[in-house]
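S.K.: following is a predicted model, sequence given first.
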Amino acid sequence: MSRSHLFVYGTLRPGDVRWHLLAPFVVDRGWPDSTSGQLYDTGLDYPAAVFGGNSTIHGESFALIEPSIEQALALLDEVEDTVGGEYTRVTVTTRRGITAWAYAYGAGLALTPIASGDWLQHRPLPA
């Protein structure tokens, strides 16, 4: 399934600790966006998302550079541990109407809901 956008809600957002992994693969600065789902604090300095339902997850959507989409997704799959099942790459539709890849939480951790649905509001960017 070919998708050219990525929705990010946590440490892949600009200024956070994993942004440097995504930055080389994006077309531009992206834009604020959201999608349905519940955001959780893992207690390990990164969030987890479960998509769907009536709550909202706030994040950003990025267009990926066409020739390097597969390379970007392979790297992010490894970082997000999709093989081990911690996170799974899924398709979401954002409030802006974009069909994008996103990383959904798998299983295994005790999670605390983030009421605001916004990781950066919950935990400010590192200095």
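M.R.: That came through fine.
S.K.: what about stretch 57-77, average pLDDT?
M.R.: Stretch 57-77 shows an average pLDDT of 96 in the prediction.
S.K.: distance from the chain centre to that stretch, please.
M.R.: 10 Å (C-alpha atoms, centre = their mean, to the nearest Å).
S.K.: which stretch of helix or strand covers the residue nearest to residue 79 when sequence neighbours are not counted?
M.R.: Excluding its sequence neighbours, the residue lying closest to residue 79 (C-beta to C-beta, 6 or more residues apart in numbering) is residue 21, at 6.0 Å. In short, each C-beta sits where N, CA and C put it, glycine included. Element membership of residue 21, judged by DSSP states H and E, is helix 19-22.
S.K.: buried ones in that helix?
M.R.: Going by neighbour count (16 or more other C-beta atoms under 10 Å), the buried part of helix 19-22 is residue 22.
S.K.: what helices or strands is it leaning on?
M.R.: Helices and strands touching helix 19-22, as assessed by 3 or more C-beta pairs under 8 Å, 6 or more residues apart in numbering; DSSP states H and E, comprise helix 69-79.
S.K.: buried ones in the helix it packs on?
M.R.: Neighbour counts over helix 69-79 (16+ other C-beta under 10 Å) mark 69, 72, 73, 76, 77 as buried.
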